[in-house]
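Asks: quick one, what's the 3D model for this:
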Amino acid sequence: MDGYALMVEYKIEERHRQDFLALLSELQRRWPRVRLYEGSEQPGLFVEIWPAATEAEARACQEERLDGRSPWSAIGSWTSGGAGRIHAWTFRPAPI
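Replies: Next up is the predicted model:
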């Protein structure tokens, strides 16, 4: 069961949309558990959800995702405001 999740959020510039979607198609094959969502009210705003069994696994996903040598790093140059505008947070189950 996936108890934790890494959420990554950013806005892709319209002029890079096709390159972004092509790259995501490739990355999805390597990381099939990652889910990608686009804002229905804000086209170009994307959220990735990386499921993880533990907090340590979620942190490892975050390191992989944000590493400058990662295949995911190209997205930073297509992000509105640059790579520094990519936000990533780890979530744990709510205590309910």
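
Asks: from here on, contacts and neighbour counts on C-alpha atoms
Replies: Noted.

Asks: in this protein, which spans are strands?
Replies: Ranges of strands in the chain, per DSSP state E, are 4-11, 35-38, 45-52, 87-91.

Asks: need the ones you listed in TSV (columns: mean neighbour count and mean pLDDT).
Replies: Output for the strands of the chain, formatted as TSV (neighbours: other C-alpha atoms under 10 Å; pLDDT from 0 to 100):
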stretch	mean neighbour count	mean pLDDT
strand 4-11	22	95
strand 35-38	14	95
strand 45-52	19	95
strand 87-91	16	94
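
Asks: can you redo the ones you listed as CSV with distance to S80?
Replies: Output for these, formatted as CSV (distance: least, C-alpha to C-alpha, whole Å):
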stretch, distance to S80
strand 4-11, 6
strand 35-38, 15
strand 45-52, 10
strand 87-91, 12
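
Asks: out of those, flag the one nearest S77.
Replies: strand 4-11 (11.1 Å; C-alpha to C-alpha).

Asks: which other helices and strands contact the closest one?
Replies: Counting contacts by 3 or more C-alpha pairs under 8 Å, 6 or more residues apart in numbering; DSSP states H and E, strand 4-11 packs against strand 45-52, helix 55-66, strand 87-91.

Asks: any chance of TSV for these, columns distance to W78?
Replies: Below are these laid out as TSV (distance: least, C-alpha to C-alpha, whole Å):
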stretch	distance to W78
strand 45-52	12
helix 55-66	14
strand 87-91	14
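
Asks: for these, which one sits closest to Q18?
Replies: strand 45-52 (13.7 Å).

Asks: okay, the angle between the one helix or strand in the chain whose mean pLDDT sits lowest and strand 87-91?
Replies: Every helix and strand in the chain was compared by mean pLDDT, DSSP states H and E; the lowest is helix 55-66, with a mean of 90. Angle of helix 55-66 versus strand 87-91, following axes from the mean of the first three to the mean of the last three C-alpha atoms, to 10 degrees, is 170 degrees.
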